[in-house]
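K.L.:
Okay, sequence plus prediction incoming.
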Amino acid sequence: MARPPRLDQTLSRFGYCSRREAAGFIKAGRVCRGTLILRDPEERIEPVELLVDGQPIPFIERLLIVVNKPLGLVCSHDEKEGPAIYDILPEQWRRRDPQVSSIGRLDKDTSGLILITDDGVLNHRLCSPKHHEAKTYELETDRAIPVSAVELFVSGTLVLAGEDKPCLPATLEITAPNRARLILTEGKYHQVRRMLSAVGCTVMKLHRSQLGKLTLGDLAPGQWREVRVDEI
Ligand code: URA
């Protein structure tokens, strides 16, 4: 069995402070095991046994949340791309190491369901092309969606500009002349917008409402909740 991590490693892993700041943090009496105040940054204790500022450490195994992404935020960590989805999370979560990242991406102009985790293995597994979890999008277009798109999308023959392989069969339900629900089992770059563009429509509004069996429930834009891996 692996040795428990050192206190200074734990504090930086979970975003309380940097490894260098840990000695001062601990000296200030902020880390306890039960009622015992701990003093040695090199002491090895299981994180689950610790209290920091009187509170247990949150999300020890992994941080995994579902967020209702508001419009205008990017899923990239590159500050040059503008305000990011991570900016709305508590600062301590943003300082975790490994850092939190979205599982897949939604465009800046897309709202809705996005998962965020600090578990790189889980992220990699869920983003793999072998992972065919259904992604449901609600969309609005600038003009009436041609009924022929339903058959084209489900046929598995639509090749998007710049691609060599066709899109996997996708389900399009037209709910009003310029509104539809589209269910994809893959996630090519800007896929929904490009599929609609292939049938002459510009997507004006795009919202992801479901991923596999996971929905947003009553989460308002900008809100999140914890998710268990078996919910995905
Ligand atoms: N398809 C898009 O075009 N944009 C998204 O954000 C997600 C899917």
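P.N.:
Sure, I can see it.
K.L.:
Was I right to think S155 contacts P169?
P.N.:
Yes - contact criterion C-beta atoms under 8 Å: S155 and P169 qualify, at 6.8 Å. C-beta: built from backbone N, CA, C; applies to glycine.
K.L.:
Following the chain onward from the worst-scoring helix or strand of the chain on mean pLDDT, which element is next?
P.N.:
When the helices and strands of the chain are compared on mean pLDDT, DSSP states H and E, helix 120-127 comes out lowest with a mean of 92. Downstream of helix 120-127, the first helix or strand assigned by DSSP states H and E is strand 135-141.
K.L.:
So which elements touch that next one?
P.N.:
The contact analysis (3 or more C-beta pairs under 8 Å, 6 or more residues apart in numbering; DSSP states H and E) places strand 135-141 against strand 179-184, helix 191-198, strand 203-211.
K.L.:
Same question for the least confident helix or strand of the chain: list its buried residues.
P.N.:
Neighbour counts over helix 120-127 (16 or more other C-beta atoms under 10 Å) mark 122-123, 126 as buried.
K.L.:
again, but for stretch 79-89
P.N.:
Using 16+ other C-beta under 10 Å as the test for burial, stretch 79-89 gives 84-86, 88-89.
K.L.:
Let me know the closest of these to K69.
P.N.:
For the buried residues of stretch 79-89, the closest approach to K69 (C-beta to C-beta) belongs to I85, at 5.6 Å.
K.L.:
for R33, which residues make a bridge with it?
P.N.:
Here R33 sits in beta bridges with L36, L50, going by DSSP bridges.
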